[in-house]
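Chemist: kindly generate the corresponding structure for this input.
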Amino acid sequence: MLMEDKFKPYPHIPILESMKPTKRVLLGQRLFWTHKKDGSNVAIQRVINGPESTTLVSSRNQAQAASDITALVYRTEEYPKIIQLLTDNPEFLCYVEAVHKGVSVTRIETYERDQLFLFDIFNKKSGKYLPYVLVHQMAFHYKIPVVSLWAETRHITEASLEETVDKCLEYCKENNLEGMVIKAYEIPDKIAGYYKEYSEGLIMAKVKQDIPKRPKLVKKEDGKAQYPPCPESEVFSAIAKLDADVGLTNDVGHDMPLVATYVKTEMEKHLYSSPIRKLFNFYQDYMADKREQENTVEGTDGSLE
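Modeler: Okay, here's the model as predicted:
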């Protein structure tokens, strides 16, 4: 029997240095290093209602994604293929990265068209995430783009793991990638049951170009910790999450308090201080990019091409 068809937010991916209980949880594991795409995290599933079924397109934080994101998903070449995958496998919930044509949210990558990249599948029947190999097989058979695998490794020391992190970040720099996600699918007996985020058989961490190694806490005269400024990519990602969840209205009075809340949440998660630039400047840049993307989608007469 399937789990109840309902909104299931994708797990938070911690920075490698701040994952629970420590990055040593990855030692001895078969690790899959996959490209981190720079778009909007979207969940797609078929919701069964008696003899009928409907499609639910969710953002990372909302059961129903904002209209802009939903429209993006619908107009991609991949969407019908994902629907076919879900029709054949109603127990699956597909997680995809939805990217816009043009420069990405954090301005690191450029995409030739609106596109979906499959990066995870949750099995509602088993209550577990499918291993990367099975996700790749599903993507292959249904001709759906899938996040690329950079490496598969196994480490028995932290030094070995850190050496691979350095190689990974160098590769990302050379290939204009934001970063990578490290995935493991075995929960060590010592921590089984202690961390609810691992109860579904997936352990993750991310490494990114603009994230420094975890800083030592520097005590100021008042005794408070001094953290590095929030990277621009994290600010843009937070604004993109807000846009995917509820949509931005281009009304500064409405949008900016929400932007501040979303960015603050990311800062608290990753131990960052305020970004160097003003949030309003980030908001203006994001909205300018969004208008440019919308103009690309629309024809000169205002109709869809």
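
Chemist: can we go C-alpha only for contacts and neighbour counts from here?
Modeler: OK.

Chemist: which regions of the stretch 101-250 of the chain lie under the pLDDT threshold?
Modeler: Within the stretch 101-250 of the chain, the stretches with pLDDT under 70 are 212-226.

Chemist: one more pass at 80, please.
Modeler: Residues of the stretch 101-250 of the chain meeting the criterion pLDDT under 80: 104-108, 189-194, 211-227.

Chemist: can you pull out the helices in it?
Modeler: 132-142, 158-174, 232-245 (DSSP state H, counting those that start in this stretch).

Chemist: quick one, which of these is packed in tightest?
Modeler: Scoring these by mean neighbour count under mean count of other CA atoms under 10 Å gives helix 232-245 as the most buried, with a mean of 22.

Chemist: tell me the helix or strand right after it.
Modeler: Note on helix 232-245: by DSSP states H and E, the next helix or strand toward the C-terminus is helix 252-270.

Chemist: return that next one as CSV; C-alpha atoms alone will do.
Modeler: The C-alpha trace of helix 252-270 is given here as CSV (Å, rounded to 0.1, in the frame of the first residue of the first chain):
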residue,chain,number,x,y,z
VAL,A,252,8.9,46.1,-3.0
GLY,A,253,6.7,46.6,0.1
HIS,A,254,5.4,43.0,-0.2
ASP,A,255,8.5,41.2,-1.5
MET,A,256,11.4,42.6,0.6
PRO,A,257,10.2,41.5,4.1
LEU,A,258,9.8,38.0,2.6
VAL,A,259,13.3,38.2,1.0
ALA,A,260,14.8,39.2,4.3
THR,A,261,13.1,36.3,6.1
TYR,A,262,14.2,33.7,3.5
VAL,A,263,17.8,35.0,3.5
LYS,A,264,18.0,35.1,7.3
THR,A,265,16.9,31.5,7.4
GLU,A,266,19.7,30.5,5.1
MET,A,267,22.2,32.5,7.1
GLU,A,268,21.2,30.8,10.3
LYS,A,269,21.3,27.4,8.8
HIS,A,270,24.9,27.8,7.5
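
Chemist: what's the spacing between the nearest residue to Pro188 once chain neighbours are set aside and His155?
Modeler: Closest residue to Pro188 apart from its sequence neighbours, by CA to CA, 6 or more residues apart in numbering: Val25 at 7.4 Å. Going from Val25 to His155 by CA to CA, to the nearest Å gives 11 Å.

Chemist: quick one, which of the helices of the stretch 101-250 of the chain is nearest to Val259?
Modeler: Val259 lies closest, by CA to CA, to one member of those: helix 232-245, at 6.0 Å.

Chemist: report all helices and strands that that closest one contacts.
Modeler: strand 40-49, helix 252-270, helix 279-297 (3 or more CA pairs under 8 Å, 6 or more residues apart in numbering; DSSP states H and E).

Chemist: just want the most central residue of this structure.
Modeler: With distances taken as CA atoms, centre = their mean, Asn41 lies nearest the centre of the chain, 4.8 Å away.

Chemist: what sits against that residue?
Modeler: By CA atoms under 8 Å, 6 or more residues apart in numbering, Asn41 lies in contact with 59-60, 95-98, 241.

Chemist: distance check, it against Val252.
Modeler: Distance from Asn41 to Val252, by CA to CA: 24 Å.

Chemist: for Trp150, same thing?
Modeler: Distance from Trp150 to Val252, by CA to CA: 41 Å.

Chemist: and what of Phe122?
Modeler: Distance, Phe122 to Val252, using CA to CA: 37 Å.

Chemist: which one of these two has more residues nearby?
Modeler: Phe122 (22 against 14; other CA atoms under 10 Å).

Chemist: ok, Phe282 touching Val235?
Modeler: Yes. Phe282 is in contact with Val235 according to CA atoms under 8 Å; the separation is 7.4 Å.

Chemist: per-domain residue ranges of this protein.
Modeler: Annotated domains of the chain cover 1-211, 215-295 [automatic domain parsing].

Chemist: can you tell me which of these is most buried?
Modeler: domain 1-211 (a mean of 17).
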